[in-house]
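Participant: can you look at this prediction? I've put the sequence above it.
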Amino acid sequence: MNRLLISLLLLFPSALAAQGWQLQTSDDGSYFAGFLNAPAGVEMSLVCGERSPQGLSPQETGNMEPDISAPNTLILYIGMSHIPAPQSEFKRQDVIIGTGAQGYRIPELIWNELFGTWEARIAAQDALLQSMAASPGFEIITNEGREPIPAAGFATGYDQLLGYCQSMFESSGISWDGTPPEPQEQSDGGVDLRQVAEGTIVEGCNGDATTGENYLLSGDIDGDGIEDVVLDWREVECVSAPARPFCGASMCSADVFISSDYPVTGQPKNLLALGVKLIPLNNGNTGIITGGSVGQCDADGRNPCEYLFYWDGADLALAP
């Protein structure tokens, strides 16, 4: 389920469950999401989402506007029937959720102009959410007034949402607590380099990211019969700024995880590239082709503007 559908659910609350807060889940193969939806007439949802463990590309499913949350973080959506649409300021930090005698300020709310709703990122175990779960009712408090919100089903749904989010994140190779997962051994005793690369993205982005169709490439680069993995940072966009931490004006890093080398060094090989692709070599191994800048290729006499790297038994070597 994508942001457009969430927006429709907020705009047309009759589509939600009629009684109490309820959990809904979605996994189209490219992205999964969990939604704790408020009862009919209340435009609120708590959401988590990330890449699906099924590993399909967004191009295959058409899901180009997924709900993506950082590990151990939930997205809070509040519709404009509860908080009016902004006239000039598109961020708010003055909205409070009251739970009995306690009041909790919502972290910065940002106006999503495309879908007409407010959204905030909140730690999954934030005191605000825990107090909401322990309260028989709560209310939204703004400068415009106070509005009671029913709490029936919230506590149960909140627990179910956290369980689902943690399970799905970890099934996708992303630690729910935000730390890169420990590499798991494959059946052949080697390290699962795809999982290592996914953990590298979480660590490099300090949270979640969206990825292109070819963000991970795989092939037997070192000739040991075990899959090696190339992470192309050009195909990764971090949700939190900076969006592309390992890219310059045109070139991006490419991390190469070699099955015979990574367990020894604990580090990938790093290339600077304007795009990456893999090709078969005459010796049966897989080579890495990187694109270069026009100035670089002109200086090196490269036409076409490409560089071929191969494994020489000890390191990645540049073919003449």
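Facilitator: Nice, thanks for sending it over.
Participant: buried residues, stretch 206-214. List them.
Facilitator: By neighbour count, with 16 or more other CB atoms under 10 Å as the criterion, the buried positions of stretch 206-214 are 207, 208, 209, 210, 211. To be clear about C-beta, it is placed using only N, CA and C from the backbone, and glycine gets the same treatment.
Participant: wait, stretch 111-131
Facilitator: So, applying 16+ other CB under 10 Å, buried residues of stretch 111-131: 111, 115, 117-122, 124, 126, 128-129, 131.
Participant: what helix or strand is residue 162 located in?
Facilitator: For residue 162, the host element (DSSP states H and E) is helix 154-171.
Participant: how far off centre is that helix?
Facilitator: Helix 154-171 has its C-alpha centroid displaced from the chain centroid by 16 Å (CA atoms, centre = their mean, to the nearest Å).
Participant: by contact count, what packs against it?
Facilitator: strand 22-27, strand 31-37, strand 44-51, helix 127-134 (3 or more CB pairs under 8 Å, 6 or more residues apart in numbering; DSSP states H and E).
Participant: want to throw the buried residues of stretch 111-131 into TSV with pLDDT and distance to residue 138?
Facilitator: Putting the buried residues of stretch 111-131 into TSV (pLDDT from 0 to 100; distance: CB to CB, whole Å) gives the following:
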residue	pLDDT	distance to residue 138
111	89	22
115	75	24
117	90	19
118	93	16
119	91	18
120	92	15
121	91	19
122	93	14
124	94	18
126	93	14
128	94	10
129	95	11
131	94	8
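Participant: from these, which two are the most distant?
Facilitator: Greatest spatial distance among these (CB to CB): 115 and 131, at 27.6 Å.
Participant: quick one: average pLDDT of the helix holding residue 162?
Facilitator: Mean pLDDT, computed over helix 154-171, is 95.
Participant: any buried residues in it, and which?
Facilitator: 154, 155, 157, 158, 160, 161, 162, 164, 165, 166, 168, 169.
Participant: and which of these is nearest to residue 88?
Facilitator: Among the buried residues of helix 154-171, and counting by CB to CB, the member closest to residue 88 is residue 154, at 33.1 Å.
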